[in-house]
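Trainee: Sequence and predicted structure, then a few things I'm wondering about:
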Amino acid sequence: QVHVVESGGGLVQAGGSLSVSCAASGDTVCIHAMGWYRQAPGKERELVAMSLRGGTIRYADSVKGRFTISRSLVQNTVSLQMNNLKPEDTAAYYCSVRGGRKNYLCSEEVVHWGQGTQVTVSS
């Protein structure tokens, strides 16, 4: 079992900065990627940034140059530094942890989610 705990977020004016952090604990040996998704009211959940196996990082086009993801393989943590925030960044941000046990074996298909943390950007 993998436990995912998020922290950070909050309320900031447009142009400001915030960060969100996530820690995975428990049976973490199968984890191969960690990152962030977000979901605004009435919209589908979308990828924000993901740190993949081998150090590959993916960003949504809408956040490139403004957001930076950082991951610790040893501590199983991932953080997202968000600069120059815009009102359209307002959403619940969810930590996504990929990789876990399925029938006692590691499976890349298993995904664990955090409870979500709110980021609100006022104009």
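Mentor: That came in fine, so what should we check first? Residues are numbered from 1 along each chain as shown.
Trainee: you'd agree V5 is up against N76?
Mentor: No: in this structure V5 lies outside contact range of N76 using C-beta atoms under 8 Å: 10.8 Å. Any C-beta I mention is one placed from the backbone N, CA and C, and that applies to glycine too.
Trainee: which residues are common contacts for these two?
Mentor: Listed as contacting both V5 and N76 by C-beta atoms under 8 Å, 6 or more residues apart in numbering are A23, S25.
Trainee: Look at these two and report which has more neighbours.
Mentor: Taking other C-beta atoms under 10 Å, V5 and N76 do not tie; N76 has more neighbours (19 against 14).
Trainee: I'd say E109 and K102 touch.
Mentor: Yes: counting by C-beta under 8 Å, E109 touches K102, with 6.9 Å between them.
Trainee: ok, these two, which is more surrounded?
Mentor: Per other C-beta under 10 Å, whichever of E109 and K102 has more neighbours is K102, with 11 against 8.
Trainee: For the residue lying closest to that one once chain neighbours are set aside, what is the enclosing helix or strand?
Mentor: Closest residue in space to K102, ignoring its immediate chain neighbours: V110 at 5.6 Å, by C-beta to C-beta, 6 or more residues apart in numbering. Using DSSP states H and E, the element containing V110 is strand 105-113.
Trainee: What of G99?
Mentor: Using DSSP H and E, G99 falls in strand 91-102.
Trainee: what's the spacing between the residue nearest the centre of the chain and S123?
Mentor: In the chain, the centroid-proximal residue (C-alpha atoms, centre = their mean) is W36; its distance is 2.0 Å. Distance of W36 to S123, given as C-beta to C-beta, to the nearest Å: 23 Å.
Trainee: By mean pLDDT, which helix or strand of the protein comes out lowest?
Mentor: strand 105-113 (a mean of 91; mean pLDDT, DSSP states H and E).
Trainee: got the CA positions of the following helix or strand past that strand in CSV?
Mentor: On the C-terminal side of strand 105-113, the closest following helix or strand by DSSP H and E is strand 117-122. Extracted in CSV, the C-alpha atoms of strand 117-122 (Å, rounded to 0.1, in the frame of the first residue of the first chain):
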residue,chain,number,x,y,z
THR,A,117,-4.8,20.6,-2.5
GLN,A,118,-6.4,23.9,-3.7
VAL,A,119,-4.5,26.6,-5.6
THR,A,120,-6.5,29.8,-6.1
VAL,A,121,-5.1,32.7,-8.1
SER,A,122,-7.0,36.0,-7.9
